[in-house]
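In: Kindly generate the corresponding structure for this input.
(2 chains)
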Amino acid sequence: MSKPFTPKVVTANALVEGDVIYLTADDRWSRALHEAEVIEDEAHAQLRLLDAERQAHAVVGAYLAEVRPGPNGPEPAHFREAFRARGPSNYPHGKQTELSDV
Amino acid sequence: MYSYTDFDRAYVRERVAQFRAQVERRLDGSLSEEEFRPLRLMNGLYLQLHAYMLRVAIPYGTLSSRQMRQLAMIAERWDKGYGHFTTRQNIQFNWPTLRDVPDILEALADVGMHAIQTSGNTVRNVTADHFAGASADEVADPRPYAELLRQWSTDHPEFQFLPRKFKIGVTGAPNDRAVIRSHDIGLELRRDDAGALGFRVYVGGGLGRTPMVAQELAAFIPERDLLPYVEAILSVYNLLGRRDNKYKARLKIAVHEHGIATIRALVDEAFAERRAQFSGDDHDLLENIKAQFARPELARTDCAPYWKARRADPVFRAWADTNLAAHADPDHAIVTISLKPHGATPGDATADQMRVMADLAQRYGHDELRISHEQNVIVPHVHRADLPAVHDALKAAGLATANVGLVSDIIACPGMDYCSLATARSIPVAQQIATRFDALKLEHEIGSLKIKISGCINACGHHHVGHIGILGLDRAGVENYQITLGGDGTEDTVIGKRAGPGFSADEIVPAVERLVLSYLDLRDSPDETFLQAFRRLGEAPFKDALYPEQARGRRDAA
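Out: The predicted model follows:
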């Protein structure tokens, strides 16, 4: 039996800034993971990934990243995704400052 | 230092213009990412975890103060106010936007710099001893040869699509500070019995997932034959290197699979052909380059202020004892500026710090700076009388940490804080080890010790040749750190051996502490370094310190 499908989000890097971005349910690209569309169905995940890959003018390297549901939206399942969602640990650069400014 | 000719200038400008047009076509959608990616990589532009990263070549680690100031300007104008000096003597900017990169390249071209061949399957930045042209133990300055190789390899049509990247390191001294035996080609300048200059040539070294120490291909190749001989090696590799598997594509694998004798026979054959094709223009070029690397006119003044400051100021004395190296002229010293303040990111410098270093080089150091593969900055020719002033200026800029060669002078790759290939973080481990040993106040008592940390198996942090090497891995979704022991990156290159099971992120710093404290107990005198003690005693007592449970279990069973 194949492994059950686990929840995913579509993530990529923004073409101009290179920043980590997430596909939302209303077809925007958000810089914040908690705004991402959580995809519970494998067929839907593949379609959403195709939607993302078609936007080559705006995004680079789209893929499906595993998430866990949390009280404020999806949370990263793997530490690599946690770093992508937060920014580097040696300086308060990237999302950790930029998102708190919003 | 080498100054660009009109040819160099025109070539670099043309490449900037080409890349500017390529970026425009990517942004307007005419180029797909698949089409654009190889073009940006040819210009040193990576897409990393959080942003683009631009890797700028610092040929053989040599910089003028003007170039350093330009790097500071770039850091401030287009990045976040700092740059990261790497283990390949390059600088990386971690936050440029794609739109700004052509302007950054233009600003680099303004000072005779570029990012060409800092990525891709080409001959990469040729590295050299960071004490070149200054050290007391040198046969000759290796940089003119490195510059000749740079010119020859840049855009060389035959070698733009090698099976894999290709690294050349050159040392002009028998004490190897350039880790040449971990390069695809390692060149050691030496003299033959008649006193003529030439090279001992090593091939097939490399770290990464299959670490190998380079083997001697030729005991002596005359200086005039350098280019045809290196070209012969490249041509053999270009045909023999495996293109079916990128993990087996480096020259080290070809040398391993075919054996050094076969490689030598093939290279000798290719060399006979290639040599006939060289007209001798390369010798004229080399002589011209050599003239530009002549040692500066050194001042003849009294060293008394140096001795006075040593007596009066214990902080200066500690810094001088740790961060100075012997210059060929005894009235001068080679200053290593530590980019490893305790708790900071190894190899990072702010724009302000870059300007301080540029000012010091201009005022006291004949306008020369070097970047070491150990991620520090060197001012190679400083008169001893000027050292107190240099130290004061460094102190004011947070650059006077007296730890060169000690436990906190750690090499660390960017790891998973930046790199998209990384499997774990390395910077926080380096920060915590340095902070911990600073708190213990044992650093100077421990003495010479090289800790090197890589955040993945590709080994940019040179962990295999660390006396203590740390490799960060992903073990079932958790960061895990393996320790290797007994590595050595000098002329006696040794690949360290894995000590045993890895440690979690919480356990790795205490494990290193146990290891180093056990060395203090085990050494036969304060003069015996960690590496010497390890070689004398073998790995057993050090493994016992790392894995006390196992040691206890063995004792209980006995």
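
In: ok, which residues in chain A are in contact with chain B?
Out: The interface of chain A toward chain B, taken as CB under 8 Å from any CB of the partner chain, is made up of A:13, A:15-20, A:56-57, A:60-61, A:77-80, A:83-84, A:87-91, A:93-95. For every residue, glycine as well, the C-beta is placed using N, CA and C.

In: Look through chain A and tell me its longest strand.
Out: Determined from DSSP state E, the single longest strand within chain A is strand A:59-70.

In: From the rest of the structure, what touches it?
Out: Residues external to strand A:59-70 that are found in contact with it (CB atoms under 8 Å, 6 or more residues apart in numbering or on different chains): A:6-15, A:18, A:21, A:23, A:29, A:33-34, A:36, A:38-39, A:45, A:49, A:52-53, A:55, A:74-78, A:81, A:84, B:33, B:47.

In: In helices only, show me the residues you listed.
Out: Under the assignment DSSP state H, the contacts of strand A:59-70 contribute A:45, A:49, A:52-53, A:81, A:84, B:33 to helices.

In: Save the residues you listed as a markdown table, and put in neighbour count and distance to B:Tyr247 too.
Out: Listed next are those as a markdown table, based on neighbours: other CB atoms under 10 Å in any protein chain shown; distance: CB to CB, whole Å:
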| residue | neighbour count | distance to B:Tyr247 |
| --- | --- | --- |
| A:Ala45 | 18 | 30 |
| A:Leu49 | 18 | 27 |
| A:Ala52 | 23 | 29 |
| A:Glu53 | 15 | 27 |
| A:Glu81 | 19 | 25 |
| A:Arg84 | 24 | 25 |
| B:Glu33 | 17 | 24 |
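
In: Around whichever residue of the stretch 401-550 of chain B sits closest to chain A, how many other residues sit close by?
Out: In the stretch 401-550 of chain B, the residue found nearest to chain A is B:Asp417; the distance is 3.9 Å by CB to the nearest CB. For B:Asp417, the neighbour count with other CB atoms under 10 Å in any protein chain shown is 26.

In: Relative to B:Val390, how far out is it?
Out: 32 Å (CB to CB, to the nearest Å).

In: How about B:Asp155?
Out: Counting by CB to CB - B:Asp155 and B:Val390 are separated by 39 Å.

In: who's more crowded, the two?
Out: Neighbour comparison, B:Asp155 and B:Val390: the larger count goes to B:Val390, with 23 against 14 (by other CB under 10 Å).

In: So which residues make contact with the strand or helix carrying that one?
Out: Secondary structure assignment for B:Val390, by DSSP states H and E: helix B:387-396. With contact meaning CB under 8 Å, 6+ apart, helix B:387-396 is reached by B:305-306, B:309, B:313, B:315-316, B:319-320, B:324, B:333, B:335, B:337, B:356, B:359-360, B:364, B:379, B:382, B:400.

In: Give the PyMOL command for selecting the buried subset of those.
Out: Buried members of those, defined by 16 or more other CB atoms under 10 Å in any protein chain shown, are picked up in PyMOL with:
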select buried, chain B and resi 305+306+309+316+319+320+324+333+335+337+356+359+360+364+379+382+400
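
In: In helices, which of the contacts of helix B:387-396 fall?
Out: Per DSSP H, the contacts of helix B:387-396 map to helices at B:305-306, B:309, B:315-316, B:319-320, B:356, B:359-360, B:364.

In: So for the residue of the stretch 401-550 of chain B closest to chain A, what's the nearest residue that isn't a sequence neighbour?
Out: Leaving out its chain neighbours, the residue that sits closest to B:Asp417 by CB to CB, 6 or more residues apart in numbering or on different chains is A:Pro88, at 3.9 Å.

In: In terms of helix, strand or coil, where does that neighbour fall?
Out: Under the three-state scheme (DSSP: H, G, I helix; E, B strand; the rest coil), A:Pro88 adopts coil.

In: what do you get for B:Leu149?
Out: helix.

In: what pairs with B:Phe166 across the strands?
Out: With DSSP bridges as the criterion, B:Phe166 is bridged to B:Val123.

In: for the stretch 351-500 of chain B, what spans make up the helices?
Out: B:351-364, B:387-396, B:427-440, B:443-446 (DSSP state H, counting those that start in this stretch).

In: And the first one, how far out from the chain middle?
Out: Taking CA atoms, centre = their mean, to the nearest Å, the mean C-alpha location of helix B:351-364 is offset from the chain mean by 21 Å.

In: buried set for it?
Out: Judged by neighbour count using 16+ other CB under 10 Å, the buried positions of helix B:351-364 are B:351, B:353-362, B:364.

In: Do that helix and chain A come into contact?
Out: No. If you take CB under 8 Å from any CB as the test, helix B:351-364 misses chain A, and the best it gets is 14.1 Å.

In: who does that helix touch, helix- and strand-wise?
Out: helix B:65-78, strand B:82-85, strand B:368-371, strand B:377-383, helix B:387-396 (3 or more CB pairs under 8 Å, 6 or more residues apart in numbering or on different chains; DSSP states H and E).

In: what's next to it, contact-wise?
Out: Residues contacting helix B:351-364 (CB under 8 Å, 6+ apart): B:64-66, B:68-69, B:71-73, B:75-76, B:81-83, B:337, B:349, B:367-369, B:377, B:379, B:382-383, B:386, B:389-390, B:393-394, B:396-399.

In: All set, thanks.
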